[in-house]
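Asker: Sequence plus predicted model, see below.
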Amino acid sequence: MKAPSGNASLMKPCCILNRRTPDLQNKPPMSTVYLNGKFIPIEDALIPVTDRGFLFGDGVYEVIPAYGGRLFRLSHHLQRLQNSLDGIRLDNPHSDAEWKTILGTLLERNHGLAGTHNDQSVYLQVTRGSAAKRDHSFPEHVIPTVFATSNSITDPDPAVTEQGVAAITLDDIRWQYCDIKAVTLLPNVLLRQQAVEQNAAEAILIRNGLVIEGSSSNVFVIENGNILTPAKGPQMLPGITRDLVLELAEQHRLPCRETGISEDRLREADEIWITSSTREIIPVTLLDGQAVGQGSPGPLWKTIIEFYRAYKESVRNGTTE
Ligand code: PDD
């Protein structure tokens, strides 16, 4: 065996020290993640490279906001998780009660990192686990990989909500099961990147001349005081925020309807909104470089966002889910 050179053995501890010391001093507190039954520091969370989520994108996920430590519309997210798991023929590794305990514990563990409001966003993912050999077909015995993490979130940037955002339209290049919240997001990634490269916050996807959804959001169009959104189906993700917007509109007697929306109607809209758990309700004020309506957030957006914020507060203080 070759002996280490004197220089190398002398240098090593000193290099490690020099590289590590500043890190340790400035290191932010480490977040805790859940992985396969354990709550562990994120740096210790490792999965095999044979995981089918890694090799095939063979898994599903959810993103759930939590306000004041309370999970927003958890039962709706867990129902959608079940639908996604059914869609890829993977058993749910946990009951709803178990999920509630896991995610609640995760939020508690990361509370110290979450700022004064304790607002966090939970990401959970279930994949079809690992197999000894790479093979497209399902392994005989599946032990799923179950992962969850939470990060602190803040309210949407007021500059964004005051001015609105730009969006572009793009052809929907995705597959035919977009109602499954699959981790296989390459088309969405490429579409969103195209938007970013054109200084836009979102790509609104068009299929067969109809508005479908955004690359990671649902879309609303306001026409003569009517709130319109495409009807659910396999071509789009049934957004939890979308459903809440419709519920709030109905509750407050704002005219709203699920309907097909042509690309032309999108371009002539008085207002356009995009919705998601992380972005809430964002007004789109520029579409493909053209002003939407007056080119600023419209009156119906100002109304709906107040109802949404009130709902969020009711989750925070525990009077609703
Ligand atoms: N995405 N459509 C797509 C394609 C999405 O990826 C999302 C959300 C939505 C909105 O769904 P919800 O209101 O339930 O968040 C619609 C999440 C936030 C993500 O992938 O990070």
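Answerer: That came through, no problem.
Asker: Quick check: residues of the stretch 151-300 of the chain near the ligand?
Answerer: 188, 213, 216-218, 237, 239-242, 275-278 (Cβ under 6 Å from any ligand atom). C-beta: built from backbone N, CA, C; applies to glycine.
Asker: Which ones among those map onto helices?
Answerer: Among these, DSSP state H puts 188, 240, 241, 242 in helices.
Asker: Highest neighbour count among the residues you listed?
Answerer: Counting neighbours by other Cβ atoms under 10 Å, residue 242 leads those with 25 neighbours.
Asker: That one: what's it in contact with?
Answerer: Going by Cβ atoms under 8 Å, 6 or more residues apart in numbering, residue 242 touches 218, 220, 229, 275.
Asker: Tabulate those (CSV), appending neighbour count.
Answerer: Formatted as CSV, the contacts of residue 242 follow (neighbours: other Cβ atoms under 10 Å):
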residue, neighbour count
218, 24
220, 28
229, 25
275, 25
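Asker: Let's have these in a markdown table, adding pLDDT.
Answerer: Below are the contacts of residue 242 laid out as a markdown table (pLDDT from 0 to 100):
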| residue | pLDDT |
| --- | --- |
| 218 | 99 |
| 220 | 99 |
| 229 | 98 |
| 275 | 98 |
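Asker: Could you export those to JSON lines, including columns for distance to residue 171?
Answerer: Formatted as JSON lines, these follow (distance: Cβ to Cβ, whole Å):
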{"residue": "218", "distance to residue 171": "18"}
{"residue": "220", "distance to residue 171": "21"}
{"residue": "229", "distance to residue 171": "20"}
{"residue": "275", "distance to residue 171": "22"}
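Asker: For the ligand, state which of those residues is nearest.
Answerer: Closest to the ligand out of the contacts of residue 242 is residue 218 (4.7 Å), distances taken as Cβ to the nearest ligand atom.
Asker: Could you identify the most distant pair in the contacts of residue 242?
Answerer: Farthest apart among the contacts of residue 242 by Cβ to Cβ are 229 and 275. That separation is 8.7 Å.
Asker: and for the two, which residues touch both?
Answerer: Residues touching both residue 229 and residue 275 by Cβ under 8 Å, 6+ apart: 218, 219, 220, 242, 245.
Asker: Farthest-apart pair in those residues, please.
Answerer: Taking Cβ to Cβ, no two of the shared contacts of residue 229 and residue 275 sit farther apart than 219 and 245, at 11.0 Å.
Asker: Can you pull the residues that touch both of these two?
Answerer: Joint contacts of residue 219 and residue 245 (Cβ under 8 Å, 6+ apart) are 229, 273, 275.
Asker: And what about residue 135, helix, strand or coil?
Answerer: Secondary structure, DSSP: H, G, I helix; E, B strand; the rest coil: residue 135 is coil.
Asker: cool, residue 86 as well?
Answerer: Applying three-state DSSP: residue 86 is helix.
Asker: Likewise for residue 176?
Answerer: Criterion first, three-state DSSP; result for residue 176: coil.
Asker: State the number of residues packed around it.
Answerer: 7.
Asker: didn't it look like it was pressed against residue 212?
Answerer: No - Residue 176 sits out of contact with residue 212 when judged by Cβ atoms under 8 Å, with a separation of 11.7 Å.
Asker: what sits in contact with each of the two?
Answerer: In contact with both residue 176 and residue 212: residue 235, using Cβ under 8 Å, 6+ apart.
Asker: Can you give the domain ranges for the protein?
Answerer: Domains of the chain are assigned by automatic domain parsing as 32-152, 158-316.
Asker: Tell me where this structure has helices.
Answerer: Under DSSP H, the chain gives helices at 6-26, 52-56, 74-87, 96-109, 158-163, 186-197, 240-251, 263-267, 299-316.
Asker: Throw these into JSON lines and include mean pLDDT, thanks.
Answerer: Output for the helices of the chain, formatted as JSON lines (pLDDT from 0 to 100):
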{"stretch": "helix 6-26", "mean pLDDT": "41"}
{"stretch": "helix 52-56", "mean pLDDT": "98"}
{"stretch": "helix 74-87", "mean pLDDT": "98"}
{"stretch": "helix 96-109", "mean pLDDT": "97"}
{"stretch": "helix 158-163", "mean pLDDT": "89"}
{"stretch": "helix 186-197", "mean pLDDT": "98"}
{"stretch": "helix 240-251", "mean pLDDT": "98"}
{"stretch": "helix 263-267", "mean pLDDT": "98"}
{"stretch": "helix 299-316", "mean pLDDT": "97"}
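Asker: can you tell me how far residue 189 sits from the ligand?
Answerer: Separation of residue 189 from the ligand (Cβ to the nearest ligand atom, to the nearest Å): 10 Å.
Asker: Many thanks, have a good one.
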